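Novice: quick one, what's the 3D model for this:
(2 chains)
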Amino acid sequence: MNQAQSHGSLKSYISGFILSVLCTVLAFVVMQEHLLTGSALISVVVFLAIVQAWIQLQFFLHVGFKSRWTIAIFISTMSIILILVIGSLWIMHHLNYNMTSEQMDTHILYEEGMDTHSY
Amino acid sequence: MYNEINPVLNPPSLVEKSGYENKTILGFWVYLMTDLISFAALFATYVVLRNNTFGGPSGKELFSLPFVLVETFILLTSSFTCGLFTLAAQRNNKAQAISWLTVTFLLGVSFLSMELSEFSHLIQEGNGPQRNAFLSAYFTLVGAHGLHILVGLLWAAVSLVMVWKRGITPHIMNKLTRFSIFWHFLDIVWVFIFTIVYLLK
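Specialist: Presented below is the predicted three-dimensional model:
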């Protein structure tokens, strides 16, 4: 590896580090100062985590995704992860909904507009 | 920068140039991706079980965000110094490589000891993994990451001795590249633990 390339890599590590710190601090501030609530908060914070993961993949790991094998393995892994995570959350949410605990009962009555207090 | 490409992770063509180096790094990439799937399963378990506190305290009452923020910055810095170590090793600068690897190792040790002190604190207050489903899932997810860090630290220690005794030969450089990929990977997993377990508690 020649001198010019090494120098460029140093720049890439430094920018990766600075961008990662920015993402972490931003997510922390959004959380701590209660800038958002509900699903907007979750989406923004998770989005920042994904951005930071992407930054580290590019600037620290230097995964260029130029080899077909690297891309193929990455995409199939991501598909499995999406099916696994979204599938689990979806199924378990419906399971909770159908196998009602007392707490869930109140939640469902409220959500379906069947709140007993209104009768 | 952005378009700078890790030559080992991106061989021009595996058919044309199926050397030993390329194969081992690609194989290691496959291992990392399968490891990512097991972490994804633990994350899904945690998110499903996070509200099953069985009358015990929730994450909001248990976790201290500033403490975890310090942990996060320590691990992020160690990932950065690991990059500096790779650069020094690529330039075949043995002294610099050894010092950056030592810094990375020490930062890793402080991260792990902070995590262990948090664990023992939780267990002492009766909030161990047997308390409820939420804490079982928490200890499994964060513990699995901690175990990876421990393996990474052992690997760093072995690499340190290897570089010190034998210098940086191409063969050893290949091993060192795999270590640095592993260490950066662990920081990426921690970003999600920080976000999902601690920020969205």
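Novice: for residue B:29, grab the count of nearby residues.
Specialist: The burial count assigned to residue B:29 is 23, neighbours taken as other Cβ atoms under 10 Å in any protein chain shown. Glycine gets a C-beta too; all of them are placed from N, C-alpha and C.
Novice: the strand or helix carrying it packs against which elements?
Specialist: Taking DSSP states H and E as the definition, one finds residue B:29 inside helix B:20-49. Under the contact definition 3 or more Cβ pairs under 8 Å, 6 or more residues apart in numbering or on different chains; DSSP states H and E, helix B:20-49 sits against helix A:68-98, helix B:133-166, helix B:170-193.
Novice: following it, which helix or strand comes up?
Specialist: Counting by DSSP H and E, what follows helix B:20-49 is helix B:59-62.
Novice: check which residues of that next one are buried.
Specialist: Within helix B:59-62, the residues that count as buried by 16 or more other Cβ atoms under 10 Å in any protein chain shown are B:59, B:62.
Novice: and for that helix, what's in contact with it?
Specialist: Contacting residues not belonging to helix B:59-62 are listed as B:50, B:122, B:127, B:134, B:138, B:197-198, B:201 [Cβ atoms under 8 Å, 6 or more residues apart in numbering or on different chains].
Novice: please apply the same query to stretch A:77-97.
Specialist: Residues contacting stretch A:77-97 (Cβ under 8 Å, 6+ apart): A:104, A:108, B:33-34, B:36-37, B:40-41, B:43-45, B:47-48.
Novice: can I get the residues you listed in a markdown table with distance to residue A:89 and pLDDT?
Specialist: Listed next are those as a markdown table, based on distance: Cβ to Cβ, whole Å; pLDDT from 0 to 100:
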| residue | distance to residue A:89 | pLDDT |
| --- | --- | --- |
| A:104 | 16 | 69 |
| A:108 | 18 | 72 |
| B:33 | 21 | 96 |
| B:34 | 22 | 96 |
| B:36 | 18 | 97 |
| B:37 | 16 | 97 |
| B:40 | 12 | 97 |
| B:41 | 12 | 97 |
| B:43 | 10 | 97 |
| B:44 | 7 | 96 |
| B:45 | 11 | 96 |
| B:47 | 6 | 94 |
| B:48 | 7 | 93 |
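Novice: gap between whichever residue of chain A sits closest to chain B and residue A:12?
Specialist: Across chain A, the shortest distance to chain B (Cβ to the nearest Cβ) belongs to residue A:64, at 3.2 Å. Distance, residue A:64 to residue A:12, by Cβ to Cβ, to the nearest Å: 11 Å.
Novice: try residue A:18
Specialist: 11 Å.
Novice: for residue B:64, same thing?
Specialist: 34 Å.
Novice: and residue B:83, by the same measure?
Specialist: Residue B:83 is 8 Å from residue A:12, by Cβ to Cβ.
Novice: ok, the residue nearest the centre of chain A to residue B:130 distance?
Specialist: In chain A, the C-alpha closest to the average C-alpha coordinate belongs to residue A:46, at a distance of 3.5 Å (Cα atoms, centre = their mean). Residue A:46 sits 30 Å away from residue B:130 when distances are taken as Cβ to Cβ.
Novice: which sections of chain A are below the confidence cut-off?
Specialist: Residues of chain A that meet the criterion pLDDT under 70 lie in A:1-8, A:100-104, A:115-119.
Novice: next, count neighbours for residue A:25.
Specialist: Neighbours of residue A:25 (other Cβ under 10 Å): 13.
Novice: ditto for the one 10 residues further on
Specialist: Close neighbours of residue A:35, defined as other Cβ under 10 Å, add up to 11.
Novice: let's verify it: helix, strand, or coil?
Specialist: Put simply, residue A:35 is coil when judged by DSSP: H, G, I helix; E, B strand; the rest coil.
Novice: contacting residues for it?
Specialist: A:29, A:41.
Novice: quick check: phi and psi on it?
Specialist: phi -70, psi -30 (degrees, to the nearest 10).
Novice: do you know how far it is from residue B:95?
Specialist: Counting by Cβ to Cβ - residue A:35 and residue B:95 are separated by 47 Å.
Novice: how distant is stretch B:109-123 from the center of its chain?
Specialist: 15 Å (Cα atoms, centre = their mean, to the nearest Å).
Novice: and for stretch A:15-32?
Specialist: On Cα atoms, centre = their mean, the centre of stretch A:15-32 falls 14 Å from the chain's centre.
Novice: list the contacts of it.
Specialist: A:35-36, A:41, A:44-45, A:48-49, A:51-52, A:55-56, A:58-60, B:1, B:65, B:69, B:72-73, B:76-77, B:80, B:83, B:191, B:194-195, B:199-200.
Novice: so among these, which ones count as buried?
Specialist: A:41, A:44-45, A:48-49, A:51-52, A:55-56, A:58-60, B:69, B:72-73, B:76-77, B:80, B:83, B:191, B:194-195, B:199-200.
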